[in-house]
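> Provide a 3D model corresponding to the input given below.
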Amino acid sequence: MVERLERRLTELVRLADRLAHDARPARARRLEYLRLAGVDALWRMHPVPQLHDPALRRVADAVGDSPELVQHDLAEFFRLDLTDYAEDYAADRRFFESHAQLGREAVEFLDRMFPAPEVLYVLHRVLCGWHPETMNASEGIIIEGTDYGHEDDRFCRAIDGFLVSRGLAFGSEVEVLAASFYDGWPSWDEFWDRYHGWGEHCGGESPG
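Prediction:
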């Protein structure tokens, strides 16, 4: 268990560092925190970062955020992003692929309700979306009006399974940021700035 967590942490920090380099000058708060802290310091902070930790303070000073914000963000990273969602996502995909009619209805529903260029994805088993035309991001999208009654959960599982099959289900915010950049989501840089950076939605000005 400990070895798996350490390996997962190392992979995400490596991805964050590469992504921060490739996507410059665009920046994202989570990427900055991880690459500046580094694996060793993050592992020492896990599972609950302490405000008095010198490494946490150094990250806060370097980025220009409050230590409290860095502490909160890293605590969420440890709690959510180091969780292994692989089995859940694999089960959702199997469900989608083994329920052909329900799967077709789920895909048709998504095409009708969330047409391109909107991007739907699953993060931490939660349905989310990015609409580049309105510059709005949604978290915890609730699927309603499917007329499935008690089978609504099955319909939602089919939706999740379809997104898993399309490579649009993620276990971490870093992986969402990587997909948005490397897969060329429309207005990915606005997505970063407004919802994962220092834009108005996150409060505060972008550091220089």
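
> Which helix or strand in this protein has the lowest average pLDDT?
helix 152-165 (a mean of 92; mean pLDDT, DSSP states H and E).

> residues in contact with that one?
Applying C-beta atoms under 8 Å, 6 or more residues apart in numbering, the external contacts of helix 152-165 come out as 89-90, 92-97, 99, 102-103, 105-107, 109-110, 120-122, 125, 127, 143, 146, 148, 169. To be clear about C-beta, it is placed using only N, CA and C from the backbone, and glycine gets the same treatment.

> Please repeat the previous calculation with a cut-off of 7 Å.
For helix 152-165, the surrounding residues in contact (C-beta atoms under 7 Å, 6 or more residues apart in numbering) are 89, 92-93, 95-96, 99, 102-103, 106-107, 110, 120-122, 127, 143, 146, 148, 169.

> ok, now stretch 68-81?
12, 29-30, 33, 45-49, 51, 56, 59-60, 124, 171-174.

> Just the buried residues from the residues you listed, in ChimeraX please.
To isolate the buried subset of those in ChimeraX, counting by 16 or more other C-beta atoms under 10 Å, use the following:
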select :12,29,30,33,45,46,49,56,59,60,124,171,172,173,174
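
> Just give the strands next to whatever helix or strand comes next after the least confident helix or strand of the chain in its sheet, each with its orientation.
Past helix 152-165, further along toward the C-terminus, the next helix or strand under DSSP states H and E is strand 169-170. Strand pairing for strand 169-170, determined by DSSP bridges: strand 119-123 (parallel).

> got the buried residues for the following helix or strand past the strand it pairs with?
Beyond strand 119-123 in the direction of the C-terminus, DSSP H and E gives the next helix or strand as strand 126-131. Neighbour counts over strand 126-131 (16+ other C-beta under 10 Å) mark 127-128, 130-131 as buried.

> Could you pull out the buried residues of the least confident helix or strand of the chain?
155-165.

> What residues sit buried inside stretch 81-100?
Quick answer for stretch 81-100 (16+ other C-beta under 10 Å): 81-82, 85, 88-89, 92-93, 95-96, 99.

> Tell me which two of those sit farthest apart.
Using C-beta to C-beta, these span at most 31.1 Å, a distance reached by 82 and 99.

> Closest to the centroid, which residue in the chain?
Closest to where the C-alpha atoms of the chain average out (C-alpha atoms, centre = their mean) is residue 173, at 2.8 Å.

> Now do the contacts for that residue.
Here residue 173 is in contact with 30, 81, 196 (C-beta under 7 Å, 6+ apart).

> Residue 176 is in contact with the first one, correct?
The reference is to residue 30. No. Using C-beta atoms under 7 Å, residue 30 makes no contact with residue 176, being 9.6 Å away.

> Not counting sequence-adjacent ones, nearest residue to residue 38?
Residue nearest to residue 38 in three dimensions, not counting chain neighbours: residue 13, with 6.8 Å by C-beta to C-beta, 6 or more residues apart in numbering.

> What does the pLDDT read for that neighbour?
Looking at residue 13, its pLDDT reads 98.

> List the contacts of it.
By C-beta under 7 Å, 6+ apart, residue 13 lies in contact with 34-35, 38-39, 42.
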